[in-house]
Each structure stands twice: as structure tokens, then as C-alpha cells.
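1. Here's my sequence, what's the structure:
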Amino acid sequence: MVAFGPAVRIALTLIVLVPFWTSLMVRTFAWVILLEDGGPIQTLLSFVGLGSVPLLRTNLGVVIGMSQILLPFLVLPLYAVMSGIDRRLVLASSSLGARPVISFARIWVPLSLPGIGAGCLMVFISSLGFYVTPALLGAPDDALIS
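-> Here you go, the predicted model:
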């Protein structure tokens, strides 16, 4: 979102925020429909050649559903921090001979650590209180923290 122009940035922000504004129950039941046996995702996986992969009532299904639901809690703090990083630092490192991967690892990532920490903390604390999503997407015999 930080690397693109205003039009793409607005579109990406809407892609992140519109599901965030939708009810938790609606999103979870949508994942139940998508992940069920014979559902669209399982049909796509079998079409690609991965066979019949069980997704609903597994830990993988819970991770997929919770990742989509908690994604805005990580993306928004990261965007807030990364939009304040001066891009001239990366240009300066490249003018001094650093490759793009080195510039990213030694400049961009350390300057992004406050956003990474804040986002991870928000996601972790929010996931501790999740009850509905693991109950609907997971198996009854799998015990989770919530």
C-alpha cells in the first residue's frame, strides 16, 4: 500500500477494510461455505491436482478463517508505520551499493519493527478471545485457548 500511488492505495485500503466492516458471524459462515467438503475451495484444489484436502473441521480451516478476520489488525498498524518511513533512506543505501534485499533487510525492516510489534500484539490479544470462529470452523475434539 505504501509503494503504490493514491488510486491503488485507496483500492487496497478498501480491500482490507470492507471485510473488517462486515459482521464476524457473516464472515465465519462464509468461510464455512467456502471450506466445506465439495465446496468451492476444495473443488479448486482438486482441479489443480491436490486431491481432496479436508479444510473444514481442521486446524488449517481455523487458521485460514482467523487469518482473514484478523488481517486488518496487522495491516493497519504496519501501514501507519511504513507510511512514515522516509524513502530517501532506501535510495541512499542503493546509491551506496546495497542490493534491494539488503536495503530492505537493514533499513526497511528495522524501521517497521514498531508496526510489526503493535500489529502482532493486537492480533495475538484479539485471537485469545476468539470463540465463534474456532467453534464453527474447527473440530469439536480440537481444544484451543479460547
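
2. For stretch 107-124, list every residue counted as buried.
-> Buried residues in stretch 107-124, counted by 16 or more other Cβ atoms under 10 Å: 107-108, 111-112, 115, 118-119, 122-123. In short, each C-beta sits where N, CA and C put it, glycine included.

3. Of those residues, which belong to helices?
-> 111-112, 115, 118-119, 122-123 (DSSP state H).

4. just curious, which of the buried residues of stretch 107-124 is nearest to Phe47?
-> Val123 (32.1 Å; Cβ to Cβ).

5. Let's have the ones in helices among the buried residues of stretch 107-124 in TSV, adding distance to Val62.
-> Formatted as TSV, those follow (distance: Cβ to Cβ, whole Å):
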residue	distance to Val62
Leu111	33
Ser112	28
Gly115	26
Ala118	24
Gly119	20
Met122	19
Val123	14
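
6. quick one on the thing from earlier: Trp21: which of the buried residues of stretch 107-124 is nearest?
-> Nearest to Trp21 among the buried residues of stretch 107-124: Met122, at 17.2 Å, using Cβ to Cβ.

7. show me the contacts for that closest one.
-> Taking Cβ atoms under 8 Å, 6 or more residues apart in numbering as the contact definition, Met122 lies against 73-74, 77.

8. Now the residue nearest the centre of the chain: closest residue in space that isn't a chain neighbour?
-> Centroid check for the chain by Cα atoms, centre = their mean gives Leu71 as the closest residue, at 3.7 Å. Leaving aside its chain neighbours, Leu71 sits nearest to Val16 (6.8 Å; criterion: Cβ to Cβ, 6 or more residues apart in numbering).
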